[in-house]
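Undergrad: Predicted model and sequence follow; I will ask about them next.
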Amino acid sequence: MTRSLPWGPMARLVGRRAAFAVPVLLAVTFGVFAVAEASPFDPVKAYAGTAGLTASQENLDQLRANLGVDKPLVSRWWDWLTAALHGDLGDSSTLRQPVADAIGERIGWSVLLATTAFVLAILVGSALGVLAARRPGGWLDRCVTSLAYTLEAAPPFWLGLLAVWLFALHLGVLPAGGLTDTSSVAVTAGQVSRHLVLPAAVLAVSQLPWFVLYVRQGVGDALGDDPVRGARARGLAERTVLLKHAFRSGMLPVLTLVGSRVPELITGALLVETVFSWPGIAAATVQAATSVDFPLLAALTALATVAVLLGNLLADLLYGLADPRVGFDG
Amino acid sequence: MADTEATTGPGTAADPVTRWRPVAGRSLAGARKASRSTRAWRVGSSAAIVTAVVLAVLIVPPLVALDEQAVHLADKLLPPSAAHPFGTDDVGRDLLVRCVYGLRVSLLVGVVAAVVATVIGTAVGALAASAGGWVDRVVMRLVDVFSSVPHLLLGIFIVAMFRPGVWPVVISVALTHWLSTARIVRAEVLSLRSRPYVDAAISGGASRWRVTVRHLLPGVLPQAGLAAVLMVPHAIWHESALSFLGLGLPTHQASLGTLVQGARSSLLAGDWWPTLFPGLFIIVPTLAIAGLAGAWRDRINPRRRSELML
């Protein structure tokens, strides 16, 4: 297996996607500014707080000029964009620090949580999907499928709260939230991993149904195909047929959709981080939204868009690598 | 549904090819046909649940003189019992009544948002497909751009910028859910346009507008209607998520999301019932609606039966 990778076509795909990402990001950030413009939200009043109620009109106008919000929509957007390209995303009013620092501090925890959950969901989901596809219509298949549909319908925040009740309050085996115990000063790996278990498990469970159902479908279809019948006819062990033949071809359609799950992963993280007070960027997004922290919200929306585009790119690269017939033309 | 299946097709016991195949080699399609009675049962129970839900939200509040806001501090946080089947919340309000009222609000928001989103999606999809050319390319690129932003995040942004309330929630859910409908309708219109009856209409001198409205849209409606029905649970899910985050309906207004949100403090004190039941009120109608929509999909398009519905 020392086939050299098709670097050239892969690089061209990355280049095309980067070229597509530029107009998308321009459109999304402009849309964010346009929505803010259309809304009744006034950044000057938000900045001034209660002092804005008694301040004179001149002071308010002065403040408006200082904040640069008296300019037209397009020039404000352009100012923000050029500053952002130089690494200045403005200051967050809720977190009282520059937006870039706030994101830098928190993104690592979000990536840790999301990656753990995603890997867990893929592993458990593939295993359950293969088990269910082995005997379609059997009791295991019925249990797994009904469980998957039920979990798909269950809101992640509700699952998270019930998990807190069961594991943290009732059984008392795992912490209910946060990154470390309240008594501890330093952030140690042991503490973080203990606190990671519940949020990662809930996020994984919320992503699980989709994997289970698609793997079941893919492997189940592959089990009826000729290569599998041929493998059985040659007398190969059931285990070999299932894992080496059916699973490998059944996973192909799943692979291409893995990257497209990034939006759902972000949605799930928004809810799970909030339930478990996880200090990631998704929880910060919710804080920013409840207190209308526009600079933070705008930066995080753009960041989420980048993550979605990267996920799509990753899916296409993986699919092209796994199935050479597909290539990198997408 | 059942009458479209032959009793001696592949996958049934009478088919000699299937009979000698090992158990593990049965295809999913075969299993699905074997479980016809299961499916009839599923459709029946889904229909029963949806009917019960609709009756409950339409009839219970006007007919039964129950006050969902009635506070009885002496009865606070009672566990489920005969008098209060779901128990009571932290100010002694009956949770069953609150859940029914919450479902009413959530269902209303969900249905309105799904209808608005379907209208937008159908209009955009039909416009893109029938205009073709650069209009099609620009519109579909815009759809791609919209779908690059996670739905809940976009919804959060819209609600945060406008004041939280029923209408911002409806608008934010509708604005984030029309994309898939637009794609479905566009694909459907494109495939219908190559049919002979459309050629006949065009050669009969029908204008492009007339062809779209009289000949193409009616053919698309079943698919768009199906998408709308499937969107209702999604919209309810979004409303409850937004409300749970404090960005949806005001806290005193019972919706399924605000009920879970309001139950958080009781949950941390160890009382599970105020959290459990509103969640079940999201899950059960969602499954029932999906079950009915699945049966409908099988009926209008039996070929796509094997596809997943999520």
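TA: Nice, thanks for sending it over. All figures in this text were calculated on a predicted structure; none of them were measured in a lab.
Undergrad: Next, find the distance separating residue A:171 from residue A:13.
TA: Between residue A:171 and residue A:13 the distance is 48 Å, computed by C-beta to C-beta, to the nearest Å. Using the backbone N, CA and C atoms, a C-beta is placed for each residue, glycine as well.
Undergrad: Between the two, which has more neighbouring residues?
TA: Per other C-beta atoms under 10 Å in any protein chain shown, whichever of residue A:171 and residue A:13 has more neighbours is residue A:13, with 19 against 9.
Undergrad: what ranges of the stretch 51-200 of chain B fall below the confidence cut-off?
TA: B:61-70 (pLDDT under 70).
Undergrad: quick one: the helices in it?
TA: Remark: helices assigned in the stretch 51-200 of chain B by DSSP state H, counting those that start in this stretch are B:95-131, B:133-147, B:151-161, B:166-193, B:196-203.
Undergrad: Does the longest one reach chain A?
TA: No: applying C-beta under 8 Å from any C-beta of the partner chain, one finds helix B:95-131 separated from chain A by no less than 11.3 Å.
Undergrad: Flag every buried residue along that helix.
TA: Going by neighbour count (16 or more other C-beta atoms under 10 Å in any protein chain shown), the buried part of helix B:95-131 is B:95-118, B:120-122, B:124-130.
Undergrad: next one: the second one
TA: Going by neighbour count (16+ other C-beta under 10 Å), the buried part of helix B:133-147 is B:136, B:139-140, B:143, B:145-147.
Undergrad: Please list which of those residues are also close to chain A.
TA: B:145, B:147.
Undergrad: what sits against the residue nearest to residue B:210 when sequence neighbours are not counted?
TA: Once flanking residues are discounted, residue B:210 sits nearest to residue B:201: 7.6 Å by C-beta to C-beta, 6 or more residues apart in numbering or on different chains. Counting by C-beta atoms under 8 Å, 6 or more residues apart in numbering or on different chains, residue B:201 touches B:210-211, B:214-215.
Undergrad: Sketch out the low-pLDDT regions of chain A for me.
TA: For chain A, the ranges with pLDDT under 70 are A:1-3, A:43, A:45-53, A:67-70, A:182-185, A:329-330.
Undergrad: let's go with 50 and repeat that
TA: Applying pLDDT under 50 to chain A flags the ranges A:1.
Undergrad: how about the strands in it?
TA: In chain A, the segments counted as strands under DSSP state E are A:91-92, A:97-98.
Undergrad: and the last one, which strands flank it?
TA: Pairing partners of strand A:97-98, with direction, according to DSSP bridges: strand A:91-92 (antiparallel).
Undergrad: Which residues does the strand it pairs with contact?
TA: A:97-99, A:102, A:288, A:293, A:295-296.
Undergrad: contacting residues around residue A:277?
TA: Here residue A:277 is in contact with A:177-178, A:283 (criterion: C-beta under 8 Å, 6+ apart).
Undergrad: typo on my end, residue A:270
TA: A:282-283, A:285-286, B:150, B:152-153, B:156, B:241, B:245.
Undergrad: please redo it, this time with the cut-off set to 7 Å
TA: A:282, A:285-286, B:152-153 (C-beta atoms under 7 Å, 6 or more residues apart in numbering or on different chains).
Undergrad: Tell me, how many residues neighbour residue B:51?
TA: 11.
Undergrad: State the distance from it to chain A.
TA: The spacing between residue B:51 and chain A, counted by C-beta to the nearest C-beta, to the nearest Å, is 19 Å.
Undergrad: that older thread, kindly state the pLDDT recorded for the residue nearest to residue B:210?
TA: On the pLDDT scale, residue B:201 is placed at 87.
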